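*Asks:* structure for the following, please:
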Amino acid sequence: MTTNNSNIQEMNSGTPPVTPLQILKTYFGYDSFREGQTEIIDTILSGRDALAIMPTGAGKSLCYQVPALLLPGITLVVSPLISLMQDQVKSLNEAGIHAAYINSSLTEGQINKALSFAARGVYKIIYVAPERLETASFLSFALHTPISMVTVDEAHCISQWGQDFRPSYLKIIDFVEQLPGNPIISAFTATATEVVKNDIARILKLKNPNIVVTGFDRENLYYQVEHLTGKQKDIFIQNYIETHPNESGIIYCATRKNVDTLYEKLLKQGVSVTRYHAGMSNDIRKKSQDDFIYDRAQVVIATNAFGMGIDKSNVRFVIHYNMPQSMENYYQEAGRAGRDGGEGQCITFYTNKDLQKLEKFMQGKPVAEQEIGKQLLLETAAYAESSVCRRKALLHYFGEEYIEENCGNCDNCL
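*Replies:* Presented below is the predicted three-dimensional model:
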């Protein structure tokens, strides 16, 4: 599909002026905004910094993409994963919006060409890896190009207390402070405790930000913990897939070895399965991801390298083969089930042996990092061992109180 930036200019020059809702309908095909989206978009268009904490599937990307088309200059979106950038840019271009990404998957020649187009105003939205901001060539481009907004996606990566901590995220603000014109900063994440939320606002130096938290409760998700050993886990998974033959699901494992072993077992059993981890080449990982997204494979077995920003609405189950490293990890990964509002099963296997393995992984890391990691692990273990409502415990962790005694949709309540 050809791009339509000229359409945006025409709409802006007409009367009445373009509204966010017109942008939403014209380019994204929706008739109305979801909870929280209008407030965040209005905040950005008023020139104010914003921090949005919205669950998976709540439509975070529209909250910066819509205002990006109404702001005068370019919006830079700092994103941690190549696959996430590629998916977002592909979707935008298919919608008729000129967008590009700058990351290590491109040659220097391709990067220079993209920056040249961007400097001429071809693109409204550019996705960029955080490490790229530190390069002299990108800074030179940014200093001579009107940038209206810098959006930090997966903003929890900036905090050592959040899962997926990325040291390169700490340097984003150094880059922003060098830009002329004081661009708006907007930050988005699906998971943030009070500590992580405060870290994001503090480290990014958000000025009088509007902080929007739309709530963490996903009523359509069922939470369950199973205390199973290795062979019992495999039998459980085999039985589950047999009794849910047409359902799409993700199985998360702690290690690449676990992924490969379980993949081979399910393959021999005739399951339509693929796998994903950082030990595979980019091309093979991309094929595995596409096979799962486009329903060519029923199940994907993966490490936590898989899933961030994946737009697949019909995932019916998420199984954690090993205990997650933190409640943030668990919430974000489990939340990939039921994005379409339909039922989702979130099942976690837990044993003390898993806990010991995860503690062992931390050895050799800096002492402060080990202490944070152990605290996060203990909180996850407490959740797994608890006899109270899983939903109540999960929401309490994120500072939200669930007033019902019985949610009716977790193993403890049933």
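
*Asks:* quick check: buried residues in stretch 298-313?
*Replies:* Using 16 or more other Cβ atoms under 10 Å as the test for burial, stretch 298-313 gives 298-310, 312. (C-beta placed from N, C-alpha, C; glycine too.)

*Asks:* next one: stretch 276-291
*Replies:* Tyr276, His277, Met280, Arg285, Lys286, Lys287, Ser288, Gln289, Asp291.

*Asks:* swap in stretch 111-122?
*Replies:* Neighbour counts over stretch 111-122 (16+ other Cβ under 10 Å) mark Ile111, Ala114, Leu115, Ala118 as buried.

*Asks:* what do you get for stretch 397-414?
*Replies:* Those would be Tyr397, Phe398, Cys407, Asn409, Cys410, Asn412, Cys413, for stretch 397-414 by 16+ other Cβ under 10 Å.

*Asks:* distance between the ends of it?
*Replies:* End-to-end distance for stretch 397-414, by Cα to Cα, to the nearest Å: 21 Å.

*Asks:* repeat that for stretch 325-344.
*Replies:* Terminal-residue distance, stretch 325-344 (Cα to Cα): 21 Å.

*Asks:* ok now it, how far from the chain's centre?
*Replies:* Stretch 325-344 sits 11 Å away from the centroid of its parent chain (Cα atoms, centre = their mean, to the nearest Å).

*Asks:* what does stretch 239-258 give?
*Replies:* Centre to centre, stretch against its chain (Cα atoms, centre = their mean), the figure for stretch 239-258 is 21 Å.

*Asks:* tell me the helix or strand right after the host helix or strand of Ile44.
*Replies:* Assigned by DSSP states H and E, Ile44 falls within helix 37-45. Note on helix 37-45: by DSSP H and E, the next helix or strand toward the C-terminus is strand 50-53.

*Asks:* what is the rounded mean pLDDT of that next one?
*Replies:* Across strand 50-53, pLDDT averages out at 96.

*Asks:* direction included, what does that strand pair against?
*Replies:* Paired strands of strand 50-53, with direction, are strand 184-189 (parallel), strand 210-213 (parallel) (DSSP bridges).

*Asks:* got the contact list for the next helix or strand after the last one?
*Replies:* Once strand 210-213 ends, the next helix or strand along the chain (criterion: DSSP H and E) is strand 221-226. Contacts made with strand 221-226 from outside it, assessed by Cβ atoms under 8 Å, 6 or more residues apart in numbering, are listed as 233, 236, 334-335, 337-338, 343-350, 383-384, 390-391, 394, 409-411.

*Asks:* show me where the stretch 51-200 of the chain has its helices.
*Replies:* 60-70, 82-94, 108-119, 136-143, 172-177, 194-203 (DSSP state H, counting those that start in this stretch).

*Asks:* no, scratch that, I was asking about the stretch 251-400 of the chain
*Replies:* According to DSSP H, counting those that start in this stretch, the stretch 251-400 of the chain carries its helices in the segments 256-268, 282-293, 327-334, 352-361, 367-385, 390-397.

*Asks:* contacts for the second one?
*Replies:* Read it as helix 282-293. By Cβ under 8 Å, 6+ apart, helix 282-293 touches 82-83, 105, 248, 250, 274-277, 280, 296-297, 299-300, 306, 310-312.

*Asks:* how far away from the center of its chain is it?
*Replies:* On Cα atoms, centre = their mean, the centre of helix 282-293 falls 17 Å from the chain's centre.

*Asks:* now it: average pLDDT?
*Replies:* On average, helix 282-293 scores 90.

*Asks:* again with the third one
*Replies:* Averaging the model's pLDDT scores along helix 327-334 yields 90.

*Asks:* and Gln232, that's in a helix?
*Replies:* Yes - using DSSP: H, G, I helix; E, B strand; the rest coil, the assignment for Gln232 is a helix.

*Asks:* tally of neighbours for it?
*Replies:* 13 (other Cβ atoms under 10 Å).

*Asks:* among the strands paired with strand 50-53, which is nearest Ile319?
*Replies:* strand 184-189 (23.8 Å; Cβ to Cβ).

*Asks:* can I get the helix holding Ile44 in CSV, CA atoms only?
*Replies:* What follows is helix 37-45, C-alpha atoms only, in CSV (Å, rounded to 0.1, in the frame of the first residue of the first chain):
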residue,chain,number,x,y,z
GLN,A,37,-6.0,6.3,25.3
THR,A,38,-7.8,9.6,24.9
GLU,A,39,-6.3,11.0,28.1
ILE,A,40,-2.8,10.1,27.1
ILE,A,41,-3.2,11.4,23.6
ASP,A,42,-4.6,14.7,24.8
THR,A,43,-1.7,15.0,27.3
ILE,A,44,0.8,14.6,24.6
LEU,A,45,-0.9,17.0,22.2
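
*Asks:* give me the low-pLDDT residue ranges for the stretch 251-400 of the chain?
*Replies:* 308-309 (pLDDT under 70).

*Asks:* quick one: contacts for Ser326?
*Replies:* By Cβ under 8 Å, 6+ apart, the residues touching Ser326 are Gln163, Leu376, Leu377, Glu379, Thr380.

*Asks:* my bad, should have said Asp217
*Replies:* Contact analysis of Asp217 by Cβ under 8 Å, 6+ apart lists Arg391, Leu395, Glu400, Tyr402.

*Asks:* where's the last one, which helix or strand?
*Replies:* In this assignment (DSSP H and E), Tyr402 forms part of neither any helix nor any strand.

*Asks:* what number of residues lie near Pro180?
*Replies:* If we define neighbours as other Cβ under 10 Å, then Pro180 has 11 of them.

*Asks:* do you know how far the closest residue in space to it that isn't next to it in sequence is from Ala99?
*Replies:* Nearest residue to Pro180, sequence neighbours excluded (Cβ to Cβ, 6 or more residues apart in numbering): Leu143, at 7.0 Å. In this view, Leu143 and Ala99 are 21 Å apart by Cβ to Cβ, to the nearest Å.
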